[in-house]
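> Show me how the following folds:
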Amino acid sequence: ATELPVPRAKVVVVEDPAATVTFVPQPRVVRGMVDTGLKRFSGKDSSALAWRLMIRPTDTVGIKVFSSPGEIIGTRPVVVAAVVESLLDAGISSERIIVWDKYLHDLRLAGFFELQNRFGIQVRSAADAKWDPSVTYENPLIGKPIWGDHEFGRSGKDIGRNSYFSKLITEEITKHIVISPLLNHNVAGVSGNLMSLAIGSVDNTIRFESKHQAMAEAVPEIFGHEQIFDRLVLVIVDALICQYQGEENNLLHYSKVLNQLRFSKDPVALDVMSLDQLEAQRKKAGLPHRALPRDLYRNAALLELGIANTRHILVDYHKINPFQPLPR
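Okay, the predicted model is just below:
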């Protein structure tokens, strides 16, 4: 019998030593990295052609960021701005681009509203878009709904069993882009693509967020929902800086400047690569060895959300010459 080919993930890593100066991202350099990554990932001659493979003019594009750690160690607004500029150059209307996260105050504090002012795009929150009572994720772990959750203030035997999807997900966004930082997370291992998009899309998530096994089960199941996974077109890891200790606290002395952006359609492969990077940096720094949790990513692979075996990840590494002229 003929053996079936082993599924593999394609990842493009673009590195430019000029991408940051004293931890500050350089906008023109980052824009050049985004264009390079898109072209290499798609095989097209321009980033505009790359986007047209993924997105139609009638789509509403949601760019999910991880903003709660702030603009230095969370998703960096400079990287998001480069992606937005690239989408606009490809002919996507600014009105159809939504930069979003779960809470508006996180987006505001991280500086994302400047992008709304500059480009005319939308900056939105999943919570303020309201929760859709008709689209839920059910889990036997009972939560206590907090203010802003769909079931807050209600009582009954099944209250707290469901998480409700945001109407931003169920009614507005038709294509997802995720841009996540390379930042450790004490429960999930990395503040990565799977956790960011899944936890950001639904309410009543406190029941999962402090429990490793609960997070490992819930995140892949939420991410696998058709209105998330089936609409995912691109995942980018903002690896300009890797913070390997401290979670959402800004601890740059536990950081390594990598000056990289990583592109794939496989969120699992990118998250697993991030875990490997975090463990390597912790070892170099002489921190006590602690293997980062990987059950979440193994579960995601079992649900066929991506590749968790690093031997099956094909990496196209491209280092940009730091002395070449900056893109105009």
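> Strands along this protein, start to end?
9-15, 20-21, 24-25, 61-65, 97-101, 122-125, 131-138, 162-166, 175-185, 189-190, 232-243, 255-264, 313-319 (DSSP state E).
> and Lys112, what is it in contact with?
No Lys there; residue 112 is Phe. With contact taken as Cβ atoms under 8 Å, 6 or more residues apart in numbering, Phe112 is in contact with 65, 67, 77, 80, 99, 101, 123. All C-beta spots, glycine's among them, are computed from the backbone N, C-alpha and C.
> Can you pick out the most distant pair from those?
Pairwise distances across the contacts of Phe112 (Cβ to Cβ) peak at 11.9 Å, for the pair Pro77 and Asp101.
> and which of the contacts of Phe112 is nearest Lys319?
Val80 (23.0 Å).
> Can you give me the neighbour number for that closest one?
27 (other Cβ atoms under 10 Å).
> Quick check on the contacts of Phe112: which are buried?
65, 67, 77, 80, 99, 101, 123 (16 or more other Cβ atoms under 10 Å).
> could you dump those to TSV with pLDDT and distance to Leu182?
Formatted as TSV, those follow (pLDDT from 0 to 100; distance: Cβ to Cβ, whole Å):
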residue	pLDDT	distance to Leu182
Val65	98	14
Ser67	97	15
Pro77	98	16
Val80	98	15
Val99	98	19
Asp101	98	17
Val123	98	23
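> I'd like those laid out as JSON lines, including distance to Ile241.
Shown next, in JSON lines, are those (distance: Cβ to Cβ, whole Å):
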{"residue": "Val65", "distance to Ile241": "15"}
{"residue": "Ser67", "distance to Ile241": "16"}
{"residue": "Pro77", "distance to Ile241": "14"}
{"residue": "Val80", "distance to Ile241": "15"}
{"residue": "Val99", "distance to Ile241": "20"}
{"residue": "Asp101", "distance to Ile241": "19"}
{"residue": "Val123", "distance to Ile241": "23"}
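> Could I get the full set of helices for the chain?
Under the criterion DSSP state H, the chain contains helices at 27-42, 47-54, 77-89, 104-109, 113-119, 167, 193-201, 206-209, 212-223, 267-284, 295-302.
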